[in-house]
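**Student:** below are the sequence and a predicted model for it; my questions follow.
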Amino acid sequence: LATLHINGTLGALTGGLSFGDGDTGFYEDSDDQLRVAVNNIESWQIKESEIQSSENSGIMLLKEGANSTFPTLIPSGGDSNTGVGGDNSDQLSLIAGGKGLTVNNISSGIQTNTTEGNVTITSSGGSVIIKLG
């Protein structure tokens, strides 16, 4: 049987809600900042406006309205103006440096909002790579 532990100290899993053998659970790191730990390793940070990997360069999901130049799904938390956004239904914007390409289901290609420099589309190992600039 699993055991549920609830402790009262801030800042570590030992002061949070843990499961089983006590090395996986949730805790409040500081005021209004929730952390998720798995096997005693912090994996996720949850704040009022974002959910982010505990790695500084890890993925981030923002609680804001996306548009064609402002991403809310950010693959590298240290680069907040590069990621995925979109401001219309059935439309996806790939954003790099605050400038975006828009993909929609109306056409079979990619529509550009503003593109400065070159756009390179390559294929490698079964993946499609799109580079701006």
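**Tutor:** Perfect, thanks for sending it.

**Student:** where do the domain boundaries of this protein fall?
**Tutor:** 4-47, 60-132 (automatic domain parsing).

**Student:** and the shortest one, how far out from the chain's middle?
**Tutor:** The chain centroid and the centroid of domain 4-47 are separated by 20 Å, computed with Cα atoms, centre = their mean, to the nearest Å.

**Student:** how about stretch 44-63?
**Tutor:** Relative to its chain's centre, stretch 44-63 lies at 6 Å (Cα atoms, centre = their mean).

**Student:** what pLDDT, on average, does it get?
**Tutor:** Averaged over stretch 44-63, pLDDT sits at 91.

**Student:** can you give me the buried ones in it?
**Tutor:** For stretch 44-63, the neighbour count (16 or more other Cβ atoms under 10 Å) marks Trp44, Gln45, Ile46, Glu50, Gln52, Ser53, Gly58, Met60, Leu62 as buried. All C-beta atoms are positioned from the backbone trio N, CA, C, and that covers glycine.

**Student:** find the least confident helix or strand in this structure, judged by mean pLDDT.
**Tutor:** In the chain, no helix or strand scores lower on mean pLDDT, DSSP states H and E than strand 110-112, which sits at a mean of 56.
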